[in-house]
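Enquirer: Requesting a structural model of the entry that follows:
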Amino acid sequence: MNVLFRFDVSNDVGMGHFARCQNLADEFAQHNHTVTLMIGPSSTLPVGTEANHQVSVLDGRSDPAEEHNSYPDNLDAIVFDLNHRQMMKEPRRLAQIVDAGCNHCDTVALIDSVGEDRFRAFGMREPAIIISPYLEADAVRPSSQSTQLMGAQYAVLNQNLRSLRCKRMDNSNDGDKLKLVVSFGGSDPWKLTDRCLPVLLGQEFRHFEIAIVAGPLFGTQYRSMIEKKISEANRPVCFVDGAKGVMELFSECDVAVIAPGLTRYELAYLGVPSVLVCPDRYFYDATQSFEQDGIASRVLADGSNFEAALEFQLQRLCSDPELRQKFSQTGLKIVDGHGARRICDAVFNQYSANLADAQSTVASNG
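Expert: Have a look, this model is predicted:
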């Protein structure tokens, strides 16, 4: 198949869409499919980003309903991974882009964290497949036409995590201090790093080894502010560059503090207990199953008692090795790391079915 991955990436969106589509493209390429990566007109890859495949940028002048004219010729499948927040603000724009993709080729998949049907309301075609790796089945309003792929079994992870998972399972932290890693993605659009600093730099965690990750899309001013606060607190906290080696840091830590995106599945796969800092009620509700299943704790960042809640959840995990072990084992069991392969198989099966239908139609008309 010739497959296009159309996604968004920017300071506001973060790096998750890029990471997911690159990991998917790697999986498709391993199965001898030809892959093309394309980002939206308002998207920007940070300088120094390592891409395994060439990434092209759409013309910003194109109408959403016409952007498919810039797609490569002879496509067999398109996978969309668009800005979810923008989707909710401008649902017609989403529907126009996906509908145009459906007119461009029959096999279209949409990675959609909301998972709701927005297409019939505008009289537009639905994608053949909707992939909702971050939702449970009962949270999705079923589509009349699309195949729904939902749940942790469709989480797309980097293949390099497999060796880190094995390494972590073979080793344990025998040090005197617990290791804590804090990371809120490539750009930290909700400024959660700064929100968490009063707790992380407090007396309660002075004996911990703490590493705070600066994402590749952190602005210079934001990075400098974090560095200044760490320096003024006079705490042995490391502020590390997140462009490389973040997963190695995670694989060696005892507890992680993270945003509720792709990273929570990566850490569950590695068996790392985590506290999810949810920027608003939407993300808090969407991560309920992670807490219910015993994979992670969660706190609501826009709540009035945020700092007290974060401190409580961290103390709870850090003081209870049996609880950390329980979180770790549950994560290892639920997230098996084969989500990219399942999606690749689903897209190829849909393409094969469409091709068979087309050939049958030609034969019957001949």
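
Enquirer: Now residue 323. Nearest residue, chain neighbours left out?
Expert: Spatially, and ignoring its direct neighbours in sequence, residue 323 is nearest to residue 317 (6.2 Å; Cβ to Cβ, 6 or more residues apart in numbering). In this view, the C-beta of every residue, glycine as well, is placed from N, C-alpha and C.

Enquirer: ok, now which ones touch that neighbour?
Expert: Contacts for residue 317 (Cβ atoms under 8 Å, 6 or more residues apart in numbering) come out as 255, 273, 275, 297, 323, 324, 327.

Enquirer: In which helix or strand does it reside?
Expert: helix 306-318 (DSSP states H and E).

Enquirer: Can you pull out the low-pLDDT segments for the stretch 201-350 of the chain?
Expert: Scanning the stretch 201-350 of the chain for pLDDT under 70 picks out 243-244.

Enquirer: cutoff 90 now
Expert: Residue ranges of the stretch 201-350 of the chain with pLDDT under 90: 203-207, 215-220, 233-248, 260-263, 281-283, 285-290, 302-304.

Enquirer: Let me see the ranges of the helices in it.
Expert: Counting by DSSP state H, counting those that start in this stretch, the stretch 201-350 of the chain has helices at residues 220-233, 246-251, 262-270, 281-286, 288-292, 306-318, 321-334, 339-365.

Enquirer: Just say which of those helices is most tucked in.
Expert: helix 262-270 (a mean of 25; mean count of other Cβ atoms under 10 Å).

Enquirer: quick revisit: just the angle for the helix holding residue 317 relative to helix 321-334, thanks.
Expert: 90 degrees (axes from the mean of the first three to the mean of the last three Cα atoms, to 10 degrees).

Enquirer: Export only the CA atoms of helix 306-318, formatted as PDB.
Expert: Extracted in PDB, the C-alpha atoms of helix 306-318 (Å, rounded to 0.1, in the frame of the first residue of the first chain):
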ATOM      1  CA  PHE A 306      -4.000  20.800  43.400                       C
ATOM      2  CA  GLU A 307      -0.700  21.100  45.300                       C
ATOM      3  CA  ALA A 308      -2.000  19.200  48.300                       C
ATOM      4  CA  ALA A 309      -3.500  16.500  46.000                       C
ATOM      5  CA  LEU A 310      -0.200  16.100  44.100                       C
ATOM      6  CA  GLU A 311       1.800  15.900  47.300                       C
ATOM      7  CA  PHE A 312      -0.500  13.300  48.700                       C
ATOM      8  CA  GLN A 313      -0.400  11.000  45.600                       C
ATOM      9  CA  LEU A 314       3.400  11.300  45.300                       C
ATOM     10  CA  GLN A 315       3.800  10.500  49.000                       C
ATOM     11  CA  ARG A 316       1.400   7.600  48.700                       C
ATOM     12  CA  LEU A 317       3.300   6.000  45.800                       C
ATOM     13  CA  CYS A 318       6.800   6.800  47.100                       C
END
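
Enquirer: Let me see the contact set for the residue nearest to the spatial centre of the chain.
Expert: When Cα atoms, centre = their mean is applied to the chain, the residue found nearest the centroid is residue 262 (2.8 Å). Contact analysis of residue 262 by Cβ under 8 Å, 6+ apart lists 16, 19, 20, 155, 156.
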